[in-house]
Structures are given as C-alpha cells and as structure tokens.
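Trainee: Provide a 3D model corresponding to the input given below.
(3 chains)
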Amino acid sequence: MGGMSLIVRRITEIVCGFIFMYGLYIILHGHLTPGGGFAGGVIIAGSLILRVLAFGSGTESERMLSKRIPKLMSVGLLIFWGAAFTGLLMAGIFFLNAPIFGLGTPFHLLSAGLIPICNIGIGINVAAGLFSIFLAFAAVKYFMEE
Amino acid sequence: MLIFISCIILFLIGLYAVVAKRNLLKIAIGFCIMEYAVNMLFALIGFKSGAIDPVITKVDMPHNFVDPLPQALVLTAIVIGVGTTALFLSFIVRIYEKFKTLDVSEIKKLKG
Amino acid sequence: MIFLPLLIALPLFSAFVIPLLSKLWKPFAPVIGNITTFVLFIFSLYGIAAIQGFPMLVYKFGNWPPPIGIIFSFDAFSAFMVFVISIIVFSGALFATKYLNHYTGQWKFWTLYMLLTTGLMGISVTGDLFNMFVWIEISAIASYALVSFGIEAEELEASLKYMVMGEIAGMTLLLAIALIYAKTSTLNLADIALSFQTIQYSKFYWSILALLLFAFSVKAALVPFHFWLPDAHPAAPAPISSLLSGVFIKVLGVYTSARFIFNIFGLTRENAPFFFNILVGIGLLSIVYAGITALSQKDYKRLLGFSTISQVGYIMLGLGIGNFYGIAGAVLYILAHGISKALLFLTSGSVVYVTGERNIEKLGGLGESMPTTAWSFRFGALSLIGLPPLIGFFAKFLIALGAIKQGFLWLAIVAIGFSGVTLGYLLKIENNVYLKKNGVEAKEAPFLMRVAMVFLVILLLVLGIGYKPLMDFVIQPATDALLRGTEYINLILGGI
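Mentor: Numbers count the residues shown, from 1 in each chain, chains lettered A, B, ... in the order given. Alright, predicted model coming up:
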C-alpha cells in the first residue's frame, strides 16, 4: 500500500502525536471519566493506523512495531492478570481491588486502587491488538495488488 | 415496546442476510447487523427518560442515573464482535486466496 | 476454595505468557501447556474431593455478594464437568506435543489451546449469565481458529461453515440474554431463576426457553442443526478434534441446556411432560439419522464425526427421560463418550501422523505395525458400543433402565438396538484400517502420543471396574445437583 500526498503527510505528522497523547489521557483517567482502557487503546491504535495510511505500509518504523506486537499484547494482558492476581495473593480473592498502593482520595488521578493499572494493561493490549488486525489486512491488500 | 420490536426486526434482517445471501462479505455484514441490533436492544433496555449518565464526578450528586450495566455489557459485546468480525474477514481473505471467489455456492470442496 | 479462580487463572496465565517467551526457548510452549493441563487435572480431582458433603461452593469475585457481583457456583455437576474437561485436555496436550511437528507456528496453537481450556472451565463453573456468554464466545472463537489451523482449502471451508452456525447461535444467545435482562433486571443465574418462578409457563418463559435451546442445540450439533460438525471436527488437528468431539460440544451444548432446563427454568418430567418428550424426540432423531449416515462414510475422521452426533443424541435422550436413572445415565454418558471418542480421534491422529492418509479404503494392515494404536482403538470402540467391564456399558445400561422405569420399553430397545449400528460403523474402520492385509508401510506412533492413548485406555478400564465408587462420589451427586431443581436458588442466594 503506497502513501498519500504531501499535504496529508504533513498534517499527519502534526496531528498524530496529539491523538496519541489524547489516547493516553483517556487511559490514565479511565477511573474518573467516561472511557478507560478500551476506548483509549482504540484511540492510540487509531493514531498508529493514521500514520500507516498516510505514509504507506512497509516503512521501517512499522516493520519494527509489527515485530513487537504479539509481545506487547502479552505484556498488556499480563499486567491486567497480575492486577487481578494481586487480590488472590493478598486476601484469597481474585479480582479484589487490593489497596497495595492505598486507595487515594476520590476524584483525584492517584486513586481507585488497582483500577488504573488494569486500565493501562487493557490499553496496551487493545492498542496493539487493533493495530495488528489493521496491519494484517493492510498486508493482504498489498499482497493482492501484486 | 415498539422500539424493542423494531430491534428484533433488525436482528431478523441480519439473520436473513446471513442465511440467504451468497456473497461472503454480505454474510459478514449480516453478522454485524445482528450484533448491532442486540447491542441497541441492550442500550434501550437501560434507558430512562430524564436520567443522567452514570458517572460520579462529585461526592454528593443526584442519583437518577440510567442503568449502567447494559452499557458495560454492550462494551463487552462490541469487543467480542470486533474479534469475531476480524476472524471472519481473515477467513474470507484466506478463502479468496484459495478459491478465487466469494460466492458461497462455489465453495464446496468438502463432500456432503 | 482457592482452586476455583485458579481453574481459569492458570490457563489464562499460560495463554498470555506463551507469546512472550516461546521465541526465547522453542519448547517453552508445549512444556508450559502440558504442566498447566496436568495441574488442572490435579485441581479437578481436588474439586471432586472438596465438593463431598457440600451441596454448593460459592466463590465471590472481588468480594461482591451474588446478585451484584460475578460469582462462581461450584456444585457436583460442575465438579464433574471440570473432571471430564481436564482429562481430555490433559491427554490432548500430551498428544499434541509430538503431533504438531507437521505444523508451523506452534506457539499460536498452544495459546489458542489454553484459551479454549479457559473458556470450557469458565462455562462449567460460572454462576452469571453474561459471564457464561463471554466464556462461550472465548472458547468458540478459539475453536474456529483451531479448526482452520492447517489453512488448507478444506479446513477453511469447514471452519467457515462452523463459524457461521456458531455465530448465529451466539447472537441468538445474546438476544435471549438481552430479553432476560429486560424482564428480570439481573444477570445472576440464581436470581434469574427466582424471577422466573413468578412468570412460570407464561409465553415469555417458553419463548426464552426456545431461543436458548435453539442456541445450545446448534452448539451441541443435534440433528436439525448438525451439518457443520462432520466437516468441522475432522478438519481440525487430531488433538483438537478429540477435544471438540469429546468435551467441547458437551460443555457448550449439553451442560448449559441441562443447567437451564433443570436449575433455572425448574422443569421436571412431572410438570412439563410435553417438553421432555420433545427432548426425547430430538435425541432419538440424532441417534437414528447420524448413526445410519455414519455407516456410509469412507473418511476415518468424518465417520467419527457422525458417530459423535449420534452419541450426543443418547445424552439428550437420557436427559429427556427425566427420572433419576435417565439423568444419571446421561451424566455418565458425558464421561464415557468423552473419553472413548477422544481416544478414537487420537487413534485417527496417530494413523494420519504415520501414514498421512485418512481414507479408510486406502489404509490397511496397521494392526500389526501399530499395535498400541490398534488396541487403543479397540478399547475405545468397545466402550462406545457398551461392552460390560468398560465404562460405556454402565452409561447405556442406566439410560435403558431409566427408559423402562418411565414406561418407554420401546425406547430402551431402540437405544440398545442402535448399539448394533455403532458396532457396524466401528467394525468398518477396524476391518479396513487394522485387519485388512494390504501392507501399508508404517511404524508405531511416537512415545508421547502412545502415552496419551494408553492414559485414556487405563481410565476407561479403571472407571469401569471402579464403577461403584465413581457412582457414589461423582455421578450420583451430579445427578442430585440437577434433580435438586430450583433449590439451586437458595443454595446461592440463601447464604447471604
């Protein structure tokens, strides 16, 4: 799949980082506002997909990312699993919101126990997963045009 | 009540597409329609007129929320739907590579 | 009770860690897969011991009490299903370790295998409706991908058929869940059962039951909805065929429908004889139609696929008879058919591994060159037919006894008589593959594959000879758990 025109590339260069940051914001504030790991992860995957659409697939940075994607998904899932398992280790209850870092004050960024950690894990996994789905289909299209 | 029935009609339209259409992509679209019909039904079940969205941003807020549970269920169902749709589309791509067609009636290498 | 969350936490952990570490050390995936399934087998034995004397163990996730939070409700029937799952998953993992030498991308297989195991375990212990749907979808998606693991044209076609049918069933199930939630405003199974008591026998009640039973009978491949199974199960790699035929359709189709009919909807032979006659009819149709179709098959695995449909018909027949003996027979049949059909599919895998051929007319003379495989096949077949010292006999005997006690003498005669048809199609394999003398060059299957088959043969013998303790400690409590009916509600909601 080839890239797009110069205007699209320049705009993408400017916008892409902001979309990525917005995704991070949604993930990190998942326990305070609507959204969370899944929504933020989708936005991050969107920013990566935008890059591939503008610059074409097969670039060096994309190849580097796609090699690490299965590992990133595993890391995200293991973070989530670890957060759930902490409760089992501490009190014998799976998925307990164990206060190992304290529960914090409500409505502040550092609060809600382990939920932000779960959100980060889900966010990494969803971003990597959706981007890899896109890459799989993009690669197929490339293959068929040849 | 009418609104629930219209969801079920939408579900049946999707089912019709899956059962009667021959093109694999149309079958995939039929699955999406079925899934969205059920998701919409879930969202409508949780709806209450005049209620606010179920996000607590202050300590003492009025508690007339819409039912938040169906929204969580819809989110889960959407995630599952993304997974099945992606898998189905990847089957379609692979089948197109092997059979060079998307017509279901021409995909019959298995006997019986 | 800490083993209950570990039943799903352990295979999930293995599934997540395999993609991360299998690049570093290649045999990591099979090693951790085998360890996980072995630990699950130990846990399942512990579960059976833990349930003795207790009607129900309730595990609250995140310490939320039942109608609010998700719970695991573990009664004797769940313990029994976990036992069956772990046996077949363990032997399948042992077998797959060597069998997968044909394939590339082994770690993907093991990740999906672990997810499939997680899903099956989750379905059989969960006490929450939506949670059950999520486990069903997880195991179903993993199985779609595993059926097409070889990505040949036939496998993709089979998997496509399977996926279309499976997803129609899944969406119907989701629709039923939405309607149940609209009516009862709860997702806890016991709480739903409580709400259903007030609307029993209304139009809504029956239509929900119809939707659910449609979904589950597609998953269980009962006869009007069976046509995907003879394509899908043979297309998969042999350990997956044995897992799908041995336990997958029983958990997704039979366990779920039995749980809903007896415990949630509170139906019994006495208060809904018409409905139970429908179950008997469906079961009988499956036995007769699929049994006769199997006689004309030429493909080793496809024949076994038709045989599975026919044998699942026996389980539905036992449930439909609806008295103690019938249900106990059905429960025992889940175990007996699970082990013997898994064994038969493993022998087919071992034949395919050695010769690369599935058409039984082109095979022959393997009885001498592959003695372990041949004798494993014979034991599995004899158990499926119902020969006395093996476990299959007792299952068939109990179903026939139940039918006679209920006054259906003809039903008992048909059920026993169709053992003859079972004998017919299994003899066809025996004659063509193992006895006939047109020397196909072959040597015995690798050691680990033989171990997996011998493990299942030993279980068939041990469980058959130790029928009395098996009945006392496993089957009878499981049957009681079903016959307890809507007392299920008090066991879950009463304790809080």
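
Trainee: Run the contact check for the host helix or strand of C:Ser14 versus chain B.
Mentor: Per DSSP states H and E: C:Ser14 is located in helix C:3-21. No: using C-beta under 8 Å from any C-beta of the partner chain, helix C:3-21 stays clear of chain B, coming no nearer than 14.3 Å. Any C-beta I mention is one placed from the backbone N, CA and C, and that applies to glycine too.

Trainee: angle of the helix or strand just after that helix against helix C:3-21?
Mentor: Per DSSP H and E, the first helix or strand lying C-terminal to helix C:3-21 is helix C:28-51. Counting by axes from the mean of the first three to the mean of the last three C-alpha atoms, to 10 degrees, helix C:28-51 points 180 degrees away from the direction of helix C:3-21.

Trainee: Would you mind naming what in chain A lies close to chain B?
Mentor: So chain A meets chain B at A:32-34, A:38, A:106-107, A:130, A:133, A:136-137, A:140 (C-beta under 8 Å from any C-beta).

Trainee: of those residues, buried ones?
Mentor: A:32, A:38, A:130, A:133, A:140 (16 or more other C-beta atoms under 10 Å in any protein chain shown).

Trainee: min pLDDT across those residues, which one?
Mentor: Taken together, those show their lowest pLDDT at A:Val140, with 68.

Trainee: near chain A, which residues of chain B?
Mentor: B:53, B:55, B:57-59, B:75, B:79, B:82, B:86, B:89-90, B:93.

Trainee: Tell me which two of the residues of chain A next to chain B sit farthest apart.
Mentor: A:Pro106 and A:Val140 (47.6 Å; C-beta to C-beta).

Trainee: for the helix or strand of chain C with the lowest mean pLDDT, the distance to its chain's centre please.
Mentor: Here the helix or strand of chain C ranked lowest by mean pLDDT, DSSP states H and E is helix C:366-369, holding a mean of 80. On the basis of C-alpha atoms, centre = their mean, to the nearest Å, helix C:366-369 sits 30 Å off its chain's mean C-alpha point.

Trainee: And the contacts of that helix?
Mentor: In this structure, residues lying in contact with helix C:366-369 by C-beta atoms under 8 Å, 6 or more residues apart in numbering or on different chains are C:351, C:355, C:373-374, C:433-435, C:440-444.

Trainee: from these, which two are the most distant?
Mentor: Across those, the two members that end up farthest from each other (C-beta to C-beta) are C:Leu435 and C:Lys443, 18.4 Å apart.

Trainee: which of those two has more neighbours?
Mentor: Ranked by neighbour count (other C-beta atoms under 10 Å in any protein chain shown), C:Leu435 and C:Lys443 place C:Leu435 first, with 15 against 8.

Trainee: Skipping its backbone neighbours, what lies nearest the more buried one in space?
Mentor: Leaving out its chain neighbours, the residue that sits closest to C:Leu435 by C-beta to C-beta, 6 or more residues apart in numbering or on different chains is C:Gly367, at 5.7 Å.

Trainee: doesn't C:Gly62 make contact with C:Gly69?
Mentor: Yes: using C-beta atoms under 8 Å, C:Gly69 is in contact with C:Gly62, at 5.9 Å.

Trainee: And C:Gly291, what's its pLDDT?
Mentor: 90.

Trainee: In three-state terms, label it for me.
Mentor: Going by DSSP: H, G, I helix; E, B strand; the rest coil, the secondary structure assigned to C:Gly291 is helix.

Trainee: I'd say C:Gly338 and C:Lys250 touch.
Mentor: Yes: contact between C:Gly338 and C:Lys250 holds when scored by C-beta under 8 Å: they sit 6.5 Å apart.

Trainee: quick one: which of those two has more around it?
Mentor: C:Lys250 (30 against 26).

Trainee: Return the residues in contact with residue 22.
Mentor: As the question left the chain open, I've gone with chain A. A:Ile43.

Trainee: wait, chain B
Mentor: By C-beta under 8 Å, 6+ apart, the neighbours of B:Arg22 are B:103-105.

Trainee: follow-up on the earlier one: just the contacts of helix C:366-369: which has the poorest pLDDT?
Mentor: Across these, the smallest pLDDT goes to C:Val440, namely 70.

Trainee: Centre of the chain to the helix or strand following the least confident helix or strand of chain C, how far?
Mentor: Later in the chain than helix C:366-369, the nearest helix or strand by DSSP H and E is helix C:371-385. Helix C:371-385 has its C-alpha centroid displaced from the chain centroid by 20 Å (C-alpha atoms, centre = their mean).

Trainee: now stretch C:436-446
Mentor: Taking C-alpha atoms, centre = their mean, the mean C-alpha location of stretch C:436-446 is offset from the chain mean by 31 Å.

Trainee: Give the residues shared as contacts by C:Gly338 and C:Lys250.
Mentor: With C-beta under 8 Å, 6+ apart, C:Gly338 and C:Lys250 have common neighbours C:Val84.

Trainee: burial count for the residue nearest to C:Leu129 when sequence neighbours are not counted?
Mentor: Taking C-beta to C-beta, 6+ apart, and ignoring the residues beside it in sequence, C:Leu129 has C:Leu187 as its nearest neighbour in space, at 4.7 Å. Residues near C:Leu187, counting by other C-beta under 10 Å, number 22.

Trainee: surely C:Leu187 meets C:Thr126?
Mentor: No: in this structure, C:Leu187 is not within contact of C:Thr126 by C-beta under 8 Å, at 10.7 Å.

Trainee: got the contact list for the helix holding C:Ser14?
Mentor: When contacts are defined by C-beta under 8 Å, 6+ apart, helix C:3-21 is touched by residues A:70-71, A:73-75, A:77-78, A:81, A:84-85, A:88, A:94, C:28-29, C:32-33, C:36, C:39-40, C:43, C:46-47, C:50, C:57, C:59, C:61, C:72, C:74, C:82, C:107, C:110-111, C:114-115, C:117-118, C:121-122, C:125.

Trainee: how about the nearest residue to the residue of the stretch 151-300 of chain C found nearest chain A, chain neighbours excluded?
Mentor: Ranked by C-beta to the nearest C-beta, the top residue of the stretch 151-300 of chain C for proximity to chain A is C:Ile151, at 13.2 Å. Spatially, and ignoring its direct neighbours in sequence, C:Ile151 is nearest to B:Arg94 (6.0 Å; C-beta to C-beta, 6+ apart).

Trainee: Could you look up the SS state of that neighbour?
Mentor: Following three-state DSSP, B:Arg94 is assigned to helix.
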